[in-house]
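Novice: Only the shape, not the letters, is given here:
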DNA sequence: TTCTCATGCAACTCTATATGTTGCGAGGTC
DNA sequence: GACCTCGCAACATATAGAGTTGCATGAGAA
């Protein structure tokens, strides 16, 4: 099953925005991500509704960060995306009459719930600012430039 | 995305087989699972290759359990299914040149790996026999019959 | 006012994958 | 030989993420 990369994508976008003071257009972000501006608007819509980012139309418009990234966790971003499915597996039937299936569901369901809880807990422990800090550490080690173009040239 | 229910399905099949001494045909199992015989053969193929079950052709043929269910864990079954994808999310790009994406991948990847490891560990802790025992506990509480038909009549 | 820029949104296509279905051949029992 | 059951290939269906196109709307520039 193809894996959902929206969370990965939107974080990528946020970190790039954090490196630039002014607004960035969907078009520029799409170029950096090798994708389509509409895809950018799509994944950013939820974040805009929650006030994490702001979008401006017209000349000089685009996307800007509208919050303190240290106060926003990956869990918040995940929620803003609409809480997509975390696990690729699930029970065949949710409320089965068959006792065999109930036994299977109980065991698997408990395991699945545990894994989901772990993911959400970890997401809640990581702020977007922490990711940005990690990026700057990597940048210092490599001595590159934070500009959009140079990082994606290769 | 629709969640993969093969693990749930094959466990359901195994537990039903454990309740019956003789071989069960794909057709009978499919009826019990409200699905198609070919689907049954498909998910059982991997288990047959590993010797967990045996299939017999012709009159009186069908599927039989060919191992000690106490020695087989959900992890073994999962492996026999071909180790399908566990998580519905993943990184946008696996080996990105962009340092921003590297930082995102590092954080998310670690979390994803943790969750996968947890799932596999839990699978390894549960034997099929344990599921069967749980089923019998439920059966005693409800006082029903273990026959295929009665359990699925409703 | 008019032109250009950029978002917002709907509708469509494309692709991958689990699942469902049909048909036929191989092998086994009666 | 007649019948049963698995094995397998081929095709159909459904769903969801992703990509694409077109147009309307609002904002700034000339």
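Specialist: Great, that's in hand. This is a predicted model, so every value here is computed, not measured.
Novice: give me the low-pLDDT residue ranges for chain A?
Specialist: Applying pLDDT under 70 to chain A flags the ranges A:1, A:143-154.
Novice: Helices along that one, start to end?
Specialist: Assigned by DSSP state H, chain A shows helices spanning A:6-18, A:26-33, A:37-49, A:74-80, A:99-125, A:128-142, A:148-153.
Novice: Can you say which of those helices is packed in most?
Specialist: With neighbours taken as mean count of other C-beta atoms under 10 Å in any protein chain shown, the helices of chain A reach their highest mean count in helix A:6-18, at a mean of 23. Any C-beta I mention is one placed from the backbone N, CA and C, and that applies to glycine too.
Novice: what's the angle between that one and helix A:37-49?
Specialist: 80 degrees (axes from the mean of the first three to the mean of the last three C-alpha atoms, to 10 degrees).
Novice: Would you mind putting the helices of chain A into CSV with distance to DNA strand C alongside?
Specialist: As requested, the helices of chain A are arranged in CSV below (distance: least, C-beta to the nearest atom of the strand, whole Å):
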stretch, distance to DNA strand C
helix A:6-18, 11
helix A:26-33, 4
helix A:37-49, 5
helix A:74-80, 14
helix A:99-125, 13
helix A:128-142, 19
helix A:148-153, 14
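Novice: would JSON lines of these with distance to residue B:105 be doable?
Specialist: Formatted as JSON lines, the helices of chain A follow (distance: least, C-beta to C-beta, whole Å):
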{"stretch": "helix A:6-18", "distance to residue B:105": "7"}
{"stretch": "helix A:26-33", "distance to residue B:105": "14"}
{"stretch": "helix A:37-49", "distance to residue B:105": "17"}
{"stretch": "helix A:74-80", "distance to residue B:105": "13"}
{"stretch": "helix A:99-125", "distance to residue B:105": "15"}
{"stretch": "helix A:128-142", "distance to residue B:105": "10"}
{"stretch": "helix A:148-153", "distance to residue B:105": "14"}
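Novice: Using TSV, lay out those helices together with distance to chain B.
Specialist: Shown next, in TSV, are these (distance: least, C-beta to the nearest C-beta, whole Å):
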stretch	distance to chain B
helix A:6-18	4
helix A:26-33	8
helix A:37-49	11
helix A:74-80	7
helix A:99-125	4
helix A:128-142	4
helix A:148-153	5
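Novice: among those helices, which is nearest residue B:6?
Specialist: The stretch from these with the least distance to residue B:6 (C-beta to C-beta) is helix A:99-125; that distance is 11.5 Å.
Novice: circling back: so for residue B:59, which of the helices of chain A sits nearest?
Specialist: Between residue B:59 and the helices of chain A, the shortest separation by C-beta to C-beta is 27.0 Å, and it involves helix A:99-125.
Novice: for the closest one, packing partners?
Specialist: Counting by 3 or more C-beta pairs under 8 Å, 6 or more residues apart in numbering or on different chains; DSSP states H and E, the packing neighbours recorded for helix A:99-125 are helix A:74-80, helix B:6-18, helix B:99-125, helix B:128-142.
Novice: do you know which of the ones you listed lies nearest DNA strand D?
Specialist: Of all the helices and strands packed on helix A:99-125, the one in closest proximity to DNA strand D, counting by C-beta to the nearest atom of the strand, is helix B:6-18 (10.8 Å).
Novice: list the contacts for residue A:96?
Specialist: If a contact means C-beta atoms under 8 Å, 6 or more residues apart in numbering or on different chains, then residue A:96 has A:102, A:105 as its contacts.
Novice: distance of it from residue B:40?
Specialist: Computed as C-beta to C-beta, to the nearest Å, the residue A:96 to residue B:40 distance reads 17 Å.
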